[in-house]
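>>> Got a predicted structure plus its sequence, pasted below:
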Amino acid sequence: MSAPALTPVVVRLKLSLLRNGLRQSGGRRAAYVASAVGALLFAALQLIGLIVLRGTAHAEALVVLLVAVLGLGWAVMPLFFPSGDETLDPTRLVMLPLRPRPLVRALLAASLVGIGPLFTLCLLTGSVIAVAHGGAAYAVGVVAVALALLVCVAFARAVAAANVRLLTSRKGRDLAVLSGLVIAVGAQVVNFGAQRLGSSGLEQLDPAADVLQWVPPASAVGAVHAVSEGAYGIAVAQLALTAGALAVLVGVWTRHLTRLMTAPDGSTLPTAGTAARQRTSTGLSRLLPAGRTGTVMERGLRYVWRDPKTKAAWVTALAIGLIVPVFNAWQGTGSVYFACFAAGMLGIQMYNQFGQDTSAFWIVAMNISSTRDAYVELRARALALLLITLPYATLVTVVTTAMLGDWPRLPEALGLSYALLGAMLATGAWTSARFPYSIPQEGYKNVAPGQAGLAWISIFGGMIAAALLCAPVIALAIWANVSAGGEAWSWLLLPAGTGYAAALTSLGLRLAAPQTARRLPEILAAVSKG
């Protein structure tokens, strides 16, 4: 009796993993359905838009660039979303008697199941329709779509197989926090590019398209355009290049897969260098104050560096805090006051300080026996944040001012940024004690079930209160800009904002300390639910 074909088995396995994952909770099903509907609706709109683009001058440049970006997205997807497809880790099949070539074919077929491949298929189909003219072009387009789709999924598989040891480790999971940075930067780049194209036309894409039409998978769409133009030799070369790239990717994937299935995993074996590094303490503790303050600061900074959820929040805040003012200044629509966005994004990190401790907060609670202890704890956490937020907010403000060339307003912008940062530290300390909530360690949720209301009150209530607390400094800035001779005194906003921020922070910490000391059991219960 012959063994069943491997490809249908792996495809059914992929469908079973998807189905069983959706059965875990109603929330997961709702999120999947919502994301699927959103992705397919966006894909349909893109398909319609590309069809409408048919016949437009320089349309081929746009679709070639679009397919190139699509291929890049498939290449980096496993690095930033390693848990998006459970079949990306072939080491789970290492105990089965499987040969590499049948396994490659099976996994490649399984890769074509899901929302991502369907979304890609819609964009590739629309791209071919946008540039195809004539029966020969449409015939080549069918082959081009198939080749481009296979190149995309093979690219993702090859990258995943080459980095599977990293992606399944703690460092690999930490790499996923950069997805927020990539998405934020990518959104701003797309926004900026769309505005430039809307004002100057698609002809600006021609130089880039001339190069990318020879880079797979964009070369497949370039072949369709070449057939439409009657350049059959170029079309054959571009299709051959795409097919060659597919063969190379499958070969690289097969080699890495063979190594994974046969070589022992030594990633967990400690080396002499690792042991030496573990025995050697870092110099961070020597740079911080002595006593409890330095210890708490070091713990907070280690959370930022090691805890995936905390690191994700910080990376996103640092990226968006820089991107928004800098990109607006780059486009000529910004203002030096947009630099306050960095202080606001970084100040949010003071909220829910005890949530990142989770159930380990009991260790902190055991060392707080008085209001003074609570004050020192909160002050040290605020100082740890200031080590990062204060120089970064200053840097963003200076860079934004330099890009706009509005140096006379630099003291105002710095003063407002410092005042906002101080107000958010003050309100963050108070809300951390009054409205704590748990941050689940597993999954993508940042709030434990049933605590969403606490999170909204803590963050948005604190932000509104911080904005109101900054009203005196804002009023002073308005007076300096609208009154006669006020600009001569605008430099006072820097020392006034700095002093006001220090006073607000100190007052907020002193008001939060009694709350923290009295509510230790309630805080522990709240942050331990995740």
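In hand now; what should we look at?
>>> domain ranges for the protein?
Structural domains annotated on the chain: 6-262, 287-527, as defined by automatic domain parsing.
>>> Mean pLDDT lowest where, among these?
Ranked by mean pLDDT, the domains of the chain bottom out at domain 6-262, with a mean of 80.
>>> Quick check: the gap between Leu287 and Pro391.
14 Å (Cβ to Cβ, to the nearest Å). Just so you know, the C-beta spots here come from the backbone N, C-alpha and C atoms, and that holds for glycine as well.
>>> what's the answer for Ala109, then?
Using Cβ to Cβ, we find Ala109 at a distance of 52 Å from Pro391.
>>> Equivalent analysis for Ala34, please.
Here the criterion is Cβ to Cβ. By it, Ala34 lies 40 Å from Pro391.
>>> I'd guessed Val140 sits against Val221; true?
No - look at Val140 against Val221 with Cβ atoms under 8 Å: they stay out of range, at 10.2 Å.
>>> neighbour count winner among the two?
Regarding Val140 and Val221, a neighbour count based on other Cβ atoms under 10 Å identifies Val221 as having more, with 31 against 25.
>>> tell me the contacts of the more buried one?
By Cβ atoms under 8 Å, 6 or more residues apart in numbering, Val221 lies in contact with Glu60, Val63, Val64, Val67, Leu124, Ser127, Val128, Val131, Ala144, Ala148, Gln213.
>>> just curious, which of these is nearest to Leu22?
Leu124 (27.1 Å; Cβ to Cβ).
>>> Let me see the backbone angles for the closest residue to the closest one other than its chain neighbours.
The shortest distance from Leu124 to any non-neighbouring residue, by Cβ to Cβ, 6 or more residues apart in numbering, is to Val145 (4.7 Å). Dihedral angles of Val145 (phi, psi; degrees, to the nearest 10) stand at phi -60, psi -40.
>>> Let me know whether Val145 touches Leu123 as I believe.
No - contact status for Val145 versus Leu123: not in contact, 9.9 Å apart, counting by Cβ under 8 Å.
>>> tell me which element the residue nearest to Val143 when sequence neighbours are not counted falls in.
The shortest distance from Val143 to any non-neighbouring residue, by Cβ to Cβ, 6+ apart, is to Leu239 (6.7 Å). Using DSSP states H and E, Leu239 sits within helix 232-262.
>>> got it, and Pro391?
Assigned by DSSP H and E, Pro391 belongs to helix 371-404.
>>> cool, and Leu149?
Short version, using DSSP H and E: Leu149 is in helix 135-162.
>>> and that helix, what does it pack onto?
Helices and strands touching helix 135-162, by 3 or more Cβ pairs under 8 Å, 6 or more residues apart in numbering; DSSP states H and E, are helix 59-80, helix 100-111, helix 115-131, helix 218-228, helix 232-262.
>>> what's the angle between it and helix 59-80?
Relative orientation of helix 135-162 versus helix 59-80 (axes from the mean of the first three to the mean of the last three Cα atoms, to 10 degrees): 20 degrees.
>>> Can you list the buried residues in helix 135-162?
By neighbour count on 16 or more other Cβ atoms under 10 Å, the buried set for helix 135-162 is 137, 140-141, 143-145, 147-162.
>>> Now do that helix and helix 115-131, the angle between them.
Going by the same axes, to 10 degrees, helix 135-162 makes 150 degrees with helix 115-131.
>>> And Ala75, how far from Ala313?
Taken as Cβ to Cβ, the span from Ala75 to Ala313 is 27 Å.
>>> Who has more neighbours out of the two?
Between Ala75 and Ala313, counted using other Cβ under 10 Å, the more crowded position is Ala313 (21 against 15).
>>> Can you tell me the closest non-neighbouring residue to that one?
Per Cβ to Cβ, 6+ apart, closest to Ala313 is Gln349, 6.4 Å.
>>> can you count the residues close to that neighbour?
For Gln349, the count of nearby residues is 24 (other Cβ under 10 Å).
>>> which residues touch it?
Gln349 makes contact with Ala313, Trp314, Ala317, Leu385, Thr389, Gly428, according to Cβ under 8 Å, 6+ apart.
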